[in-house]
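Visitor: missing the sequence, but the structure's below:
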């Protein structure tokens with residue numbers, strides 16, 4: 001499928017404009033694009049942007065992603081600036097300078113995009129990185145090579161439960177230390193409510 005650069009660029013502007021996904025660095029942005037395309041692929045049989053995703057150490061990266069960012073910045077649709085988010089962590093934050101044009105997206109595509117916002121918008125880049133590494137397309141691809149995206153999600157019920165449990169653990173380790181005590185208490189309760197599940201095969205040496 002040929003990439004639709006107009007949709008890719010406007011989707012970037014949309015995410016860069018949406019408060020629910022902030023702070024938005026390039027790593028988180030690229031993961032949101034990936035999950036948008038694969039979610040729609042699994043729902044309708046077709047991705048939204050048609051972008052080709054490569055296997056990078058930090059998860060799937062759209063081949064046309066950097067080009068789209070440069071073009072959007074050149075035409076002053078977005079800005080990118082280095083922002084400190086903790087004592088030792090910085091991101092290159094992507095911010096929209098204009099409203100996105102969403103008229104080119106179908107109703108079904110908009111439902112998928114809103115679902116991705118609800119499902120992944122509050123996740124940190126580290127959590128989305130881990131989640132993308134659980135995708136079979138990423139696991140079985142060669143480094144720096146394109147991912148083979150398929151309409152079917154290959155996972156088990158146990159994998160799904162463990163994905164949520166491990167994502168919470170990733171959130172614990174990825175969250176800056178300056179959060180108030182109540183935040184950590186609530187997160188610890190969530191972790192305790194989602195224990196890891198092991199089968200007999202998992203415990204074999």
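Guide: Received, thanks. A quick note: this is a predicted structure, and the numbers were derived from the prediction, not measured. Numbers count the residues shown, from 1 in each chain.
Visitor: Where do the strands of the chain begin and end?
Guide: For the chain, applying DSSP state E gives strands covering 53-56, 59-62, 78-84, 90-96.
Visitor: show me where the chain has helices.
Guide: 5-17, 26-44, 65-74, 107-120, 125-133, 136-139, 157-174, 181-193, 200-203 (DSSP state H).
Visitor: between the longest one and strand 78-84, how many degrees?
Guide: What it means is helix 26-44. Between the axis of helix 26-44 and that of strand 78-84 there is an angle of 120 degrees, by axes from the mean of the first three to the mean of the last three CA atoms, to 10 degrees.
Visitor: and helix 26-44, which residues are buried?
Guide: 26-41 (16 or more other CB atoms under 10 Å). Bear in mind the C-beta positions are built from the backbone N, C-alpha and C, glycine included.
Visitor: what about the protein, any weak spots by pLDDT?
Guide: 87-88, 153-179, 181, 184, 187, 194-205 (pLDDT under 70).
Visitor: Domains of it: list them as residue ranges, please.
Guide: The record, using automatic domain parsing to delimit domains, assigns the chain the ranges 5-152, 155-205.
Visitor: what's the distance between stretch 33-48 and the middle of its chain?
Guide: Centre-to-centre, stretch 33-48 and its host chain are 13 Å apart (CA atoms, centre = their mean, to the nearest Å).
Visitor: Sorry, slip of the keys, the one I care about is stretch 26-42.
Guide: Chain-centre distance of stretch 26-42: 5 Å, with CA atoms, centre = their mean.
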